[in-house]
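In: need a 3D model of the sequence below.
(4 chains)
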There are 2 protein chains.
Amino acid sequence: MSDSQLRTYDTGAAAAPLTTREKLLRAAREVFAEHGLAHTRISDIAARSGVNRERVYGYFGSKEGLFDAVVNDALDELAEAVPLTAGEDLVEYVDRVHEFHRLHPQLLRLLLWEALHYRTEPLPGEEERQGRYREKVSALEQSLGAAEGHLQAAPTLFILIGLAAWPSVVPQLARLIMGADESENPEIMREHVLSFARSALRPTKEEAGA
Amino acid sequence: MSDSQLRTYDTGAAAAPLTTREKLLRAAREVFAEHGLAHTRISDIAARSGVNRERVYGYFGSKEGLFDAVVNDALDELAEAVPLTAGEDLVEYVDRVHEFHRLHPQLLRLLLWEALHYRTEPLPGEEERQGRYREKVSALEQSLGAAEGHLQAAPTLFILIGLAAWPSVVPQLARLIMGADESENPEIMREHVLSFARSALRPTKEEAGA
DNA sequence: ATTAGACCACCAACTCGTTTGTTGGTCAAC
DNA sequence: GTTGACCAACAAACGAGTTGGTGGTCTAAT
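Out: Prediction:
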């Protein structure tokens, strides 16, 4: 966990004035999500945050340092905002993941930029992230009752996340295939995703019969 | 269709010597897929293609012009390499899409760079791409027999493509969740994807009973 | 109270490498 | 003799990272 979450997604709580570091992180998240690491100018971040360009180097050392901090920060929030509790209904989980990414496409863009950038090399903070998913996998193992005995926890989690995130990952493709009206209507898209998830997760004949 | 496909994925055919333009396109595809639009240096492309840097401007006008040409070219190949014929088994289609992206991750990277870059603005060549997918959708409509009456063609196509491509879109995430051994084993990953597709596509009780 | 010093941010100017895009000349081939 | 490629050098802009100086504020010692 990084020490300074932004909690952009929090609802209430007394709004403490942002520190300079937080202002930078918040602005950087937006700009990086928009333009990616390479196309982002430090001066844009400075301008948007209202903080002096030079401060970036004081706090984060370099552009990449800032980028990594931003990603870490955003990941913390994601983990907190979309937990997977043991025994929970999986379709509901898919719904929550889907909804989160629909409302906060920034994070996904950030992660995609990062994924493209770091190709297959290990990511910064790889172990910590692994830990997070290990927890989710074991929570999922308990959710997979007799009805879904045919599924393994890890790959199922992986694929369900994909299913939930896909519309936010490639909205252009959705538009090309489904047309703007359907693809940009949240309720319609949500229903497609959820009904697909329901289909895939419903018990097999044997499981139903048992 | 762009006039000069590279047919990187072709097996046989007499290997005509590449024109300068083709050499550039081929090299550019690799470098752009690797580094994205912003981080790619024209001189890298020139070096890899063995063509003079200056020729890029003669043929494509600018870096972006070259990028667009590369994407178009690659899309043509994708469409040709992974057709969807009417009446075909959908799981097989997923298999082919999955396999293609596993073997040629370049294209997906290219499209992701592009998607991130152009955000939600219309893409270059938007109508042409729409046309391609419209064909696929109507082919799919004929594949969806009584057994899958509960599915609509367009969103189903969209989601199935996602399912098939997901492991190649975020291999890092697969590694984090499933571990390197499983996630990098083609047969294992394939089986997970296909069995998920089978699950989702199997007939409902009513359809089976009917 | 006053002052010294630590801390933090602002600001402007500067270095310096990088990269795009251009141009004019040369050369071989068809 | 036209076409297409090579080549070398150039202009110009751009953007990362650095530095030195200014000034405000909070605290702790005098």
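In: element containing the closest residue to A:Pro105 other than its chain neighbours?
Out: Of all residues not flanking A:Pro105 in the chain, A:Ser168 sits nearest, at 5.1 Å (C-beta to C-beta, 6 or more residues apart in numbering or on different chains). In short, each C-beta sits where N, CA and C put it, glycine included. Here A:Ser168, judged by DSSP states H and E, is contained in helix A:153-169.
In: starting at the chain centroid, how far to that helix?
Out: Relative to the chain's own centre, helix A:153-169 is displaced by 11 Å; criterion: C-alpha atoms, centre = their mean, to the nearest Å.
In: in terms of secondary structure, what does it contact?
Out: Here helix A:153-169 touches helix A:90-103, helix A:105-117, helix A:126-143, helix A:186-201, helix B:153-169, helix B:171-178, helix B:180-183, helix B:186-201, going by 3 or more C-beta pairs under 8 Å, 6 or more residues apart in numbering or on different chains; DSSP states H and E.
In: avg pLDDT for stretch A:22-35?
Out: Per-region confidence: stretch A:22-35 scores 96 on mean pLDDT.
In: ok, it near DNA strand C or not?
Out: No: shown here: stretch A:22-35 not in contact with DNA strand C (C-beta under 7 Å from any atom of the strand), separated by at least 8.0 Å.
In: any idea how far that stretch is from the chain center?
Out: For stretch A:22-35 - counting by C-alpha atoms, centre = their mean - the centre lies 16 Å from the chain centre.
In: what's it in contact with?
Out: A:4, A:6, A:8, A:18, A:40, A:44-46, A:48-51, A:55-56, A:59-60, A:66-67, A:69-70, A:73-74, A:105-107, A:109-110, A:113, B:119 (C-beta atoms under 8 Å, 6 or more residues apart in numbering or on different chains).
In: check whether it contacts DNA strand D.
Out: No: Stretch A:22-35 does not reach DNA strand D (C-beta under 7 Å from any atom of the strand); its nearest approach is 9.8 Å.
In: C-alpha coordinates for that stretch, PDB please?
Out: What follows is stretch A:22-35, C-alpha atoms only, in PDB (Å, rounded to 0.1, in the frame of the first residue of the first chain):
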ATOM      1  CA  GLU A  22      -1.400  14.800  -3.600                       C
ATOM      2  CA  LYS A  23      -2.300  17.600  -6.000                       C
ATOM      3  CA  LEU A  24       0.500  16.300  -8.200                       C
ATOM      4  CA  LEU A  25      -0.600  12.700  -8.000                       C
ATOM      5  CA  ARG A  26      -4.200  13.600  -8.700                       C
ATOM      6  CA  ALA A  27      -3.400  15.700 -11.700                       C
ATOM      7  CA  ALA A  28      -0.800  13.200 -12.900                       C
ATOM      8  CA  ARG A  29      -3.300  10.500 -12.900                       C
ATOM      9  CA  GLU A  30      -5.600  12.300 -15.200                       C
ATOM     10  CA  VAL A  31      -2.900  13.400 -17.600                       C
ATOM     11  CA  PHE A  32      -1.100  10.100 -17.700                       C
ATOM     12  CA  ALA A  33      -4.400   8.200 -18.200                       C
ATOM     13  CA  GLU A  34      -5.200  10.500 -21.000                       C
ATOM     14  CA  HIS A  35      -1.900  10.600 -22.900                       C
END
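In: out of the helices and strands packed on helix A:153-169, which gets the lowest mean score?
Out: When I compare the helices and strands packed on helix A:153-169, helix A:126-143 is least confident, with a mean of 91.
In: dump that helix to PDB, keeping only the CA atoms.
Out: Extracted C-alpha coordinates of helix A:126-143, given in PDB (Å, rounded to 0.1, in the frame of the first residue of the first chain):
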ATOM      1  CA  GLU A 126       4.900  -7.200  -8.800                       C
ATOM      2  CA  GLU A 127       5.000  -9.200  -5.600                       C
ATOM      3  CA  GLU A 128       2.600  -6.900  -3.800                       C
ATOM      4  CA  ARG A 129       0.100  -7.200  -6.600                       C
ATOM      5  CA  GLN A 130       0.500 -10.900  -6.600                       C
ATOM      6  CA  GLY A 131      -0.400 -11.000  -3.000                       C
ATOM      7  CA  ARG A 132      -3.600  -9.000  -3.600                       C
ATOM      8  CA  TYR A 133      -4.700 -11.500  -6.300                       C
ATOM      9  CA  ARG A 134      -3.900 -14.500  -4.200                       C
ATOM     10  CA  GLU A 135      -6.300 -13.200  -1.600                       C
ATOM     11  CA  LYS A 136      -9.000 -12.800  -4.200                       C
ATOM     12  CA  VAL A 137      -8.300 -16.300  -5.600                       C
ATOM     13  CA  SER A 138      -8.800 -17.900  -2.200                       C
ATOM     14  CA  ALA A 139     -11.900 -15.900  -1.600                       C
ATOM     15  CA  LEU A 140     -13.200 -17.100  -4.900                       C
ATOM     16  CA  GLU A 141     -12.400 -20.700  -4.100                       C
ATOM     17  CA  GLN A 142     -14.900 -20.400  -1.400                       C
ATOM     18  CA  SER A 143     -17.500 -18.800  -3.600                       C
END
